[in-house]
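*Asks:* after the sequence you'll find the predicted model.
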Amino acid sequence: MKQCLVIQHLFFLCFCDCASSQYGIRCKLPTIPHGIINDAKEEYKENEQLKYSCEKKYRPRHGTPMCLRVGWSITPECEEINCLLGPLTPGTSTSPQGKNVFRAGESVEITCSERRCLYGTREIKRNIICKESGEWEYSPVCEEITCDIPYDQHVDYVHYYFSRDRRLGVEKTYQCESGYHAGARTATCTENGLQNHCVLQKYFNVTNPH
């Protein structure tokens with residue numbers, strides 16, 4: 001009797017395996033809001049990947065969905081593209097105030113406090129647009145205004161004079177290269193950059209009139 005039960009059990013397992021092998025694993029075509037499925041079909045076999053794209057201002061979820069025994073490995077979906085404002089530097093104000101998440105195409109006005117300017121620019125106030133890549137047109141960060149080292153202004157020993165403190169309002173004494181003279185005794189860092197620099201020394205040949 002026990003031998004018959006064992007034979008029946010083995011037959012049942014063999015039948016199940018054969019059925020699984022015959023029909024295989026199938027995943028149904030998903031519905032993806034704002035999604036565009038490439039080469040769509042009603043069913044996908046085991047280990048097949050679902051390739052899709054998204055409408056403008058949306059992007060696919062990270063990863064590629066694959067048909068597994070439990071269904072799709074990840075839920076195929078299109079996420080709305082957003083830019084996050086994040087923590088603001090001290091003294092920075094925004095308009096609209098208090099909004100931190102912006103959709104692609106939306107903008108925020110950044111205003112920097114005194115002695116600060118928008119990162120990568122010399123502007124105190126600017127509208128910044130959230131791009132379709134999910135990145136800001138400009139970094140929405142205010143930084144302290146500093147002046148660049150005047151490499152192109154014919155200053156002699158330029159690193160010696162200008163490599164240290166270059167904050168707004170700082171004055172520097174300096175010396176010009178041969179053939180140039182200083183416009184003033186000191187150069188001052190202003191919102192428009194360094195003022196007073198080296199200018200070409202003009203020489204005149206004086207001859208006696210005939």
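*Replies:* Ah, there it is. Residues are numbered from 1 along each chain as shown.
*Asks:* going by C-alpha atoms from here, please, whenever you check contacts or count neighbours.
*Replies:* OK.
*Asks:* okay but Leu84 is in contact with Val101, surely?
*Replies:* Yes. Taking C-alpha atoms under 8 Å as the definition, Leu84 is a contact partner of Val101 at 4.9 Å.
*Asks:* and Val158, its phi and psi?
*Replies:* Note on Val158: backbone dihedrals following degrees, to the nearest 10 are phi -60, psi -40.
*Asks:* show the low-confidence segments of this protein, by residue range.
*Replies:* 1-23, 195-197, 200-210 (pLDDT under 70).
*Asks:* measure the most centrally placed residue in it to Leu84 for me?
*Replies:* Geometric centre of the chain, nearest residue: Glu135, 4.3 Å, by C-alpha atoms, centre = their mean. Per C-alpha to C-alpha, to the nearest Å, Glu135 is found 9 Å from Leu84.
*Asks:* cool, and His154?
*Replies:* 43 Å.
*Asks:* which one's more surrounded, those two?
*Replies:* Neighbour comparison, His154 and Leu84: the larger count goes to His154, with 20 against 15 (by other C-alpha atoms under 10 Å).
*Asks:* contacts only, for the more buried one.
*Replies:* Residues in contact with His154 (C-alpha atoms under 8 Å, 6 or more residues apart in numbering) are Cys176, Glu177, Tyr180, Cys198, Val199.
*Asks:* for those residues, which single residue is the most surrounded?
*Replies:* With neighbours taken as other C-alpha under 10 Å, the top of the contacts of His154 is Cys198, carrying 22 neighbours.
*Asks:* quickly list the domain ranges of the protein.
*Replies:* As recorded under automatic domain parsing, the domains making up the chain are 23-79, 82-144, 155-200.
*Asks:* any idea how far the longest one is from the chain center?
*Replies:* From the chain centre to the centre of domain 82-144 is a distance of 13 Å (C-alpha atoms, centre = their mean, to the nearest Å).
*Asks:* how long is it from one end to the other?
*Replies:* One end of domain 82-144 to the other measures 28 Å (C-alpha to C-alpha).
*Asks:* Trp72: neighbour count?
*Replies:* Applying other C-alpha under 10 Å, we find 23 residues neighbouring Trp72.
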